[in-house]
Every structure is written in C-alpha cells, then in structure tokens.
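Trainee: When you get a sec, could you give me coordinates for this:
(chains A and B)
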There are 2 protein chains.
Amino acid sequence: MRIIVDAFGGDNAPLEIIKGALMAVKEFNVDICLTGHSEKIKKIAAQNNLDLRRIDVVHADRVIPADAPATDIMKEYADSSMAMGLNMIANYKGDGFVSAGNSGALCVGSTLIVKRLKGLKRPGFAPILPSFDGGCFMILDAGANIDARPEMLRQFAILGSVYMKNVMNVENPRVALANVGTEPQKGRELQQATYKLLKETPINFIGNLEGRDIPTGACDVYVCDGFTGNLILKTYEGVAKSMSTVVGDIFKKNVRTKLGASFVYRDLMKFKADMNADKYGGAPILGIKKPVFKAHGSSNAEAIFNAIRLMVDYIKADVTTKLEDSFNELKEK
Amino acid sequence: MRIIVDAFGGDNAPLEIIKGALMAVKEFNVDICLTGHSEKIKKIAAQNNLDLRRIDVVHADRVIPADAPATDIMKEYADSSMAMGLNMIANYKGDGFVSAGNSGALCVGSTLIVKRLKGLKRPGFAPILPSFDGGCFMILDAGANIDARPEMLRQFAILGSVYMKNVMNVENPRVALANVGTEPQKGRELQQATYKLLKETPINFIGNLEGRDIPTGACDVYVCDGFTGNLILKTYEGVAKSMSTVVGDIFKKNVRTKLGASFVYRDLMKFKADMNADKYGGAPILGIKKPVFKAHGSSNAEAIFNAIRLMVDYIKADVTTKLEDSFNELKEK
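Mentor: Below is the predicted model:
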C-alpha cells in the first residue's frame, strides 16, 4: 500500500506534514510518498533531525495557494504538489492521496484527474465533526457542489453511510436530511423529493433533522446540498471556536480565575480532546475512484497521521468496491 | 400606545407572560392587552397575587399548538389567542403584537391578517442572536420564506438595516450576505445576483460573509433565504447550548470542580448573561404594517418585558414609516 501526501498543503507545511508521514510509516508499515519541493523538504527534514530514508519524495515546483480559484488546479497549478499527487493516484502510482491544501481545488482536481466512481453523479466533500456527546457525525456535501438534485443527495446518503460503517465503525449509521422541520413535507422541492427517495433507499434513514439537533449527536450522516452544508459546517466550527476562546479567556483573566481553572483542568482538557476534529482525519472527498482526504488547513502532525490512518482503513476495507456495489444494486432495482 | 400580548404563547404561558406584561406597564406606562382564556388568566393572576387592574384581557377560547401547521392560524385556529391579537392590530385596536407561540403561524398570520408594507415582496423572520464579542446580530430571513429571489434579499437587507439602526441603535449597520466564500462570484445564482443588487443599494453592504465569521460579530445583519437562515440559526443556537451544557456539567461533576467553579462564577455568569438572547426581545417579523414580535418559546417574564420594550422603541421611532420611505426611495431610482 502506497499513500501519497501533499507536503505543501496547509498552514503548517511542510514540517508537520513530514512529521505526520513519518509517524504513519512507523505505525502502519505503509509506503509514503511526499509531493512538493524536494530541496525544501530535505532541508527542513535535516534541520529537524528527521530521517527521510523510509519516505519517497517526488518533486513539484509549486504549491496551489489556499485562496486560488478551485479550477486553477487544472490550469495555472497543474504542476503543483497537489496536482502531482492526484495524477500519481490516477496513474496507479499510489493508492490514496492526503492534502491539507485548498479544499475547492482538491475537490475539482479529484473529480477531473482521478475521476468519479462509475454510476456516481457527483462526489461530495464530507468533513467529520465532533458532536457534544463524545461522538462524531459527517456533513455531506459540505461544499463540493453548490447546487444539488434529489438523486445526488440520495447518492451522498449512500456514500456517507458506507463510509461511516466501514471506516468509522459505526453500526447501522443513522442518515438524516438537513431540513427546517421534521415533517416529510418540510423544506424546498429538493428536500421533499429527496425525503421520498431516501425512504426507499436501503440505508438507515431517520428522517429530516433540524440544525439544533446535530450538536447532540442525533445522526451519523447529515445530508445536504453543498451551499447549505458549507454554511452549517462553518457556523458549527465558528461557534465552538468562539465559545472556547471566551471560556479560555475567562480562566486566564487573573490569579483567582487561573486557580479556578486548575480545579477543572483535567476535565476541560478531556473535553477539548474530545472536540478535536483532528482525530477524525479531516474530510474524505467521497465518490472518487481512489481515496482522497482533505486534512484541515491547520493540521499538525497528529492530524496528518490520523488522515493516513483512516485512509489505510479505507483501503483495507475496500470501501471503493463497496460503494460501486451499492450503486449497482440501486440501479438494478 | 397600546400593545397586544398573546398570553398563551410559549412554554411558560400564561404566568410568565402576565408577569412580563405587568413589568412593562409599570416601566413604560403603556396600555397592555392580553389575549387568551380570560378565566384562566384571572385565576392564575389571583393565585400569584398579580394585580391585573392596569391590564385589559380580551378572551380567546383556544391556543394554536406549537407544532400545528403554520396555515392553521387562518383556519382551525382563527379564533386562537394569536389570531385574536393579530386581528386586533389589523383593526386598529392595538399598535403592535407580541407572541411567544408558533413561529410559522405568527409569520403567516402577520402576512395574511395584518398585511405587509406597501412595496414589500415578502416579510422576513428576523431573530437577533448574541455574538461572542458581547454584541448581537440579526439573521434575516430565518425561516419565513423557504425560497427567495434577489429582490427579496435586497429588501431583507433594507429591513434589517433600518431595524438595527432605529431599534437596536447600531450606527451604520453592517449588512452581509451569507455565502460560501467572500468573492463576489461565490455561491448560487441567487447570491451572485443579490451581491450585485446590494452593491447598488444605499446601505452599508460589507460583502459576502462565511458562517465562521458570524459568531465573532463581523456583521449586524446576515442576509439569506429562509431555508439557509433557519439552519444557520438552529445550528448556532444548538452548538452554543450543547457547549454550555458540557461546560456546566464539568463544573458540577464533583466537590473539586464545584470549588473551581466558585472562582470563575462571576465571570461565567456575566458571559451567560451576555449570551442570553432574551435581552434582545426575540425576533421581529419585519415588513408587516404593524410591529409583530416573536418572543422565544422558552420566554420568561424578562424576555416578554424586553420584547415589549423593543416594540415601544420601534413604535416611537416610527420604523414602519421609515421602512416605507426606504422602499419608495428605491423604487424612484
């Protein structure tokens, strides 16, 4: 098994990426190949006493910036570390690709370079978020497709369900449709039609679910179009982050509050660890012929390690074949 | 000035509603009229030693349930305490109406009974949320209209801007468009077209804003269609509530953590008070000929008092006329 990792994606590249890759090589005994500027990788590894002998490096001159338009991956940045990695897995020079770089470019590049699964209409961007009951759930789609049709949302439901079962080990994943109320007739035409389709799909569809219920872990897969999903994702992360900052600031305020913090330190740290999205390895781009994972832009070594860990599980469980089978079954009905 | 209050809306009706109304009579010297079952109101007031002499009561036999379909306000519940209140302000027997009852029914009833402002396409449901910088912002529309067109979103931007300036005393309110990125070409056709319209509208339009930036107080009015807005609103409230619960549980865990809590108690209570949406008096339904406010379903006396307080400001500032003027100006251009 050979996993390609973009050494130059995200805020902490390349050092944290290299460290994460080394952790994975040691732990999972897989081959890892880094894409990116080889001189820079070697230099920073040497500076940090990191031994690169067990890692391949494939040179790429450039990096696609985080704010570049997504389609630039096919044009101006067709020689970037990200495009290089995608081309490698498309050409059977790797079994999967991890990048912490530009999300939009990774979605576009995955679709156009690696191509989508047979029978799939559109791939989806599927970040996994921690819920406040200690678990996690997936939002799908969280931004790969700004618009959606009912059949696309049905396929997202299947993609998410198969992923959560086979990679995240969730027994009988609960799939919910993002909506403004629980009754079947709620929402736009898109939601009303999708509701009917999901009722007939061989998944554990638990119905419509409002935004207020996702933080408590009421579902495992939250299905929506990419516009809605992206706004839900960012709002979810934004509120959690702002609230952490405010509570943290209260504890840091003065000697008295710092003392108070010391009494709850262990519990707060456990909560913080529970809510650390890094342990879920970022977001798979689901529906691509080979696994592609988007690690968070702020990924550290541990986050990269976890993304590789989940990718190893994904490949071992042969999720790609399972997905293709699911779509074939659906077509035969 | 005479304000009509639905005595039977929300989880704490009628006792907390009566208390809030009494607080407002005392503080603002306005006439208040409660709608609802008069015998029940009188009985519960007597049981709690509340003096109703300064309050009118108009009898309504029934209450529209919180989960009833919104349009039932025009049919099965046309004689409910909510419908009664709306009919009173429509027929010049009151200057504004407050209810903590069924949101959907209040939106539909406001539009069909009280009617919308001249020149307005659709009214919007406009809850005000606390941001984590100690301020607040409005989401508009948060669910009155599942679909929207660019001209509707432009009118929401104006409604929100005029409200925040005249009622919430925000100087030059910053209006942002909910979107998946900041660039003008981001989003669906709806957002792209709305962006262009808002650029030409005489408001302080600050551009597209992602979900991650609303908790930090980056805008005063967050403009979106009702489907998106409702999911953002519920996600925002849900994450904040779940996180409060988890942090609260940590402090309650044992003697040690309870001691820790005592050191930060004052600061945590201040934060809790800052984040209490009740102080913003709930959500105006903007674009109606007379002011209609939806107080939160869990409103206590203070929340009802605050809704009445803001309604008094709304009426004194003659926001309705200001809104009509804004729409006329726009039409003349």
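Trainee: what are the ranges of the strands in the stretch 151-300 of chain A?
Mentor: Assignment of strands within the stretch 151-300 of chain A using DSSP state E, counting those that start in this stretch yields the ranges A:174-178, A:204-209, A:221-223, A:283-286, A:292-294.
Trainee: To B:T182, which of those strands lies closest?
Mentor: Across the strands of the stretch 151-300 of chain A, the minimum distance to B:T182, taken as CB to CB, is reached by strand A:292-294, at 19.9 Å. Bear in mind the C-beta positions are built from the backbone N, C-alpha and C, glycine included.
Trainee: The next helix or strand after that closest one: which residues count as buried?
Mentor: Beyond strand A:292-294 on the C-terminal side, the first helix or strand identified by DSSP states H and E is helix A:301-316. Residues of helix A:301-316 classed as buried under the neighbour-count rule (16 or more other CB atoms under 10 Å in any protein chain shown) are A:301-315.
Trainee: Need the mean per-residue confidence for stretch A:290-304.
Mentor: Per-residue pLDDT values over stretch A:290-304 give a mean of 94.
Trainee: can you give me the end-to-end distance of that stretch?
Mentor: End-to-end distance of stretch A:290-304 (CA to CA, to the nearest Å): 18 Å.
Trainee: what comes up buried for stretch A:198-209?
Mentor: Along stretch A:198-209, the positions that meet the burial threshold by neighbour count (16+ other CB under 10 Å) are A:198, A:201, A:203-209.
Trainee: Determine which two of these are furthest apart.
Mentor: In terms of CB to CB, the buried residues of stretch A:198-209 reach their longest pairwise distance at A:T201 and A:L209, which sit 16.1 Å apart.
Trainee: Could you give the number of residues near A:N179?
Mentor: One way to gauge burial is a neighbour count; for A:N179, by other CB atoms under 10 Å in any protein chain shown, it gives 27.
Trainee: Can you name the residues bridging to the residue nearest to it when sequence neighbours are not counted?
Mentor: Taking CB to CB, 6 or more residues apart in numbering or on different chains as the measure, A:N179 lies nearest to A:N208, with 3.7 Å between them; neighbours along the chain are not counted. As for beta bridges, A:N208 partners with A:L177 under DSSP bridges.
Trainee: OK, contacts around A:N208?
Mentor: For A:N208, the residues meeting the contact criterion (CB atoms under 8 Å, 6 or more residues apart in numbering or on different chains) are A:176-179, A:181-184, A:186-187, A:191, A:195.
Trainee: before we move on, back to that, identify, from the buried residues of stretch A:198-209, the entry nearest to chain B.
Mentor: Ranking the buried residues of stretch A:198-209 by separation from chain B, with CB to the nearest CB as the measure, puts A:L209 on top at 9.8 Å.
Trainee: still on that earlier bit, among the strands of the stretch 151-300 of chain A, which is nearest A:R149?
Mentor: Each of the strands of the stretch 151-300 of chain A was checked against A:R149 via CB to CB, and the shortest separation belongs to strand A:221-223, namely 12.8 Å.
Trainee: Figure out how far the closest one is from the centre of its chain.
Mentor: Relative to its chain's centre, strand A:221-223 lies at 14 Å (CA atoms, centre = their mean, to the nearest Å).
Trainee: Who are the packing partners of it?
Mentor: Applying 3 or more CB pairs under 8 Å, 6 or more residues apart in numbering or on different chains; DSSP states H and E, one finds that strand A:221-223 contacts strand A:136-140, helix A:150-166, strand A:174-178.
Trainee: now the angle between helix A:301-316 and the longest one, please.
Mentor: So that's helix A:150-166. Inter-element angle recorded for helix A:150-166 and helix A:301-316: 100 degrees (by axes from the mean of the first three to the mean of the last three CA atoms, to 10 degrees).
Trainee: Give the buried residues for helix A:150-166.
Mentor: Along helix A:150-166, these residues count as buried under the neighbour rule (16+ other CB under 10 Å): A:150, A:152-166.
Trainee: about what we covered before: give me the buried entries from the contacts of A:N208.
Mentor: Applying a neighbour-count criterion of 16+ other CB under 10 Å, the buried members of those are A:176-179, A:181, A:186-187, A:191, A:195.
Trainee: mind listing what A:V175 touches?
Mentor: Applying CB under 8 Å, 6+ apart to A:V175 gives the contacts A:157, A:160-161, A:198, A:203-206, A:219-221, A:223.
Trainee: how much space between it and chain B?
Mentor: Look at A:V175 and chain B: by CB to the nearest CB, to the nearest Å, they are 17 Å apart.
Trainee: Return the per-residue confidence for that residue.
Mentor: We note a pLDDT of 98 for A:V175 in this prediction.
Trainee: Same check on A:K234?
Mentor: As predicted, A:K234 sits at a pLDDT of 95.
Trainee: what do you get for A:G94?
Mentor: Residue-level confidence at A:G94 comes out at 97, pLDDT.
Trainee: isn't it right up against A:T35?
Mentor: No: checked against CB atoms under 8 Å, the pair A:G94 and A:T35 is beyond contact range at 9.6 Å.
Trainee: so where's the stretch 1-150 of chain A shaky on pLDDT?
Mentor: Under the criterion pLDDT under 70, no range of the stretch 1-150 of chain A is flagged.
Trainee: Can you tell me which of the buried residues of helix A:301-316 is nearest B:S262?
Mentor: A:E302 (34.8 Å).
Trainee: Provide a list of residues in contact with the closest residue to chain B within the stretch 51-200 of chain A.
Mentor: The stretch 51-200 of chain A approaches chain B most closely through A:F132 (3.8 Å), counting by CB to the nearest CB. Applying CB under 8 Å, 6+ apart, we find A:F132 in contact with A:215-217, A:275, B:239, B:242-243, B:245-246.
Trainee: residue ranges of the helices in chain A, please?
Mentor: Assigned by DSSP state H, the helices in chain A fall at A:15-28, A:38-47, A:81-90, A:103-109, A:150-166, A:189-199, A:226-252, A:255-274, A:301-316, A:319-332.
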